[in-house]
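Visitor: return atomic coordinates for the entry below.
(chains A and B)
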Amino acid sequence: MLQSQLFCKINKNKSAEVESVSADLLARAGFVDQLMAGVFTFLPLGFRVLKNIENIIRKNMAEAGGQEILMPVLQPKENWLKTGRWSNMDVLFKIRGSGDKEYAMGPTHEEVVSPLAKKNIFSYRDLPFSVFQIQTKFRDELRAKSGILRTREFLMKDLYSFHTTQEDLDKYYDKMIKVYFNVFKELGIGKETYLTYASGGTFSRYSHEFQMVTDAGEDLIYICNKCKTAINKEIKAETPACPNCSSDSFEEKKAVEVGNIFKLATKFSLPFDLKFKDKDGAEKPVIMGCYGIGLSRAMGAIVEANYDERGIIWPKSVAPFAVHLIAIKSENKKVIATAQKIYQDLNKIGIKVLYDDREEKFAGEKFAEADMIGIPFRIVVSEKTIAKNSVEVKERSKKEAKLVKIKKLMQSLA
RNA sequence: CGGGGUGUUGUGUAAUGGUAGCACGAACGCUUUGGGAGCGUUUAGUCUGGGUUCGAAUCCCAGCACCCCGACCA
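Guide: Modelled structure (predicted):
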């Protein structure tokens, strides 16, 4: 991608609105644009990051046996009346269509996936299975805040699992905890993310949140000093001891919830009459679990965990480009020619590269913008470097740059 | 939803009742070599609707919007 063609502007001026670091950096570096409170456009750079996050999650869900589907955002009121959530879910967006007919805008999809499952589950032979989707969710938050960390419209992965027994659900649930940790590790926030016990609702003692520690977080979690499992505020109020190891020594941290998983058990299979015939001929309710990750929130969380005073430092796995190639202004035509050749060669071997081909921009500004955008590798071509048949390679996360022969660079990447 | 704050060119800001100014951006020209370049010219703004006043960005009322604190948060 040629930077001269890139649809987004870098903004030098820091916003006066006191939002989160991620909100400020993502907006100024041209990753997102705020349309209104809690609603954002993802610009080309941000959209690339979002797609990378999506693909990491998709891969992991598929490995966990999830089959990808896409359910509707627009949902019938009737289903929400059945579960009681039409009236008792505060964040539910309701809209009115023609003839004053009312609909829900999906904040989550149990009201769709349960009746869907009912059409496809008859026998114990049809179980277990899991389906997931990556889709825009709507929640009428009373207060959107912190940029893309808490929004009214956001991208979420939600997976639903269906089982014959509680034991089978328990087994799958434990497996998903491992899968989730792998996701967060691949997203570059594995170290900061804690499994957190939360209230489980009616049918199980606990649910689990995945909380990433950051000052921008709006939740308080208590990390057990012994086993490093955490509990949220709710649980802290109920129990003095760690539910995992019984220790009573905790460290309080601010955190943002990047994922959560629930044992729904029969909470939704009962209202939707979701049953199966077991081996013994008896009809039994299907046992369900659900597993969510907020993708757009994860993107903000990744930034909160990876930045410095110059800008964002994207983990390689989600970076919008692998390489930021910069040609330094020069009268020597060979500089541009060399940079162009490297750009083409990198493209040829499938490396995603943003090439700063802008002729009018000075080196300083290009470097400053590159640091703000935060692509993991920066390759600079200038008079100085081509005099040695080399380019300068610098990692965004590191201080020092090194000269690398162009031939060697291409060999190492090929 | 309760409380608080703020709305001035694309962005960041100044002007506290009396000529809407500055910086960044953008455009043009000339100049310019590696850490947000220089000179010159130009561009563009008082959230909306009422009111007070000779005169309103400024004071009052209403609305809208955004931000913050809290509450809420399968």
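
Visitor: right, and the secondary structure at the residue nearest to residue A:240 when sequence neighbours are not counted would be what?
Guide: Leaving out its chain neighbours, the residue that sits closest to residue A:240 by CB to CB, 6 or more residues apart in numbering is residue A:248, at 5.5 Å. Quick note: C-beta positions are derived from backbone N, CA and C, even for glycine. Under DSSP: H, G, I helix; E, B strand; the rest coil, the three-state class of residue A:248 is coil.

Visitor: from RNA strand B, how far off is residue A:248?
Guide: Distance of residue A:248 to RNA strand B, given as CB to the nearest atom of the strand, to the nearest Å: 24 Å.

Visitor: who does the helix or strand bottoming out on mean pLDDT in chain A touch, helix- and strand-wise?
Guide: Ranked by mean pLDDT, DSSP states H and E, the weakest helix or strand in chain A is helix A:233-238, scoring a mean of 90. Counting contacts by 3 or more CB pairs under 8 Å, 6 or more residues apart in numbering; DSSP states H and E, helix A:233-238 packs against strand A:193-199, strand A:219-224.

Visitor: can you rerun that using 7 Å?
Guide: Contact partners of helix A:233-238 among helices and strands, from 3 or more CB pairs under 7 Å, 6 or more residues apart in numbering; DSSP states H and E: strand A:193-199.

Visitor: ok, back up a step: list the buried residues of the least confident helix or strand of chain A.
Guide: Buried positions in helix A:233-238, judged by neighbour count with 16 or more other CB atoms under 10 Å: A:235, A:236.

Visitor: and RNA strand B, is that helix touching that?
Guide: No. Against RNA strand B, helix A:233-238 shows no contacts by CB under 7 Å from any atom of the strand, the least distance being 7.6 Å.

Visitor: quick one: distance of the helix or strand following that helix to the chain centre.
Guide: Remark: after helix A:233-238, the chain's next helix or strand is strand A:250-265, criterion DSSP states H and E. Its chain's C-alpha centre and that of strand A:250-265 lie 15 Å apart, by CA atoms, centre = their mean, to the nearest Å.

Visitor: can you give the strand pairings for strand A:250-265, parallel or anti for each?
Guide: strand A:206-213 (antiparallel), strand A:219-224 (antiparallel), strand A:287-294 (antiparallel) (DSSP bridges).

Visitor: and it with strand A:193-199, angle?
Guide: If you take axes from the mean of the first three to the mean of the last three CA atoms, to 10 degrees, strand A:250-265 sits at 60 degrees to strand A:193-199.

Visitor: now strand A:250-265: average pLDDT?
Guide: Average pLDDT, strand A:250-265: 95.
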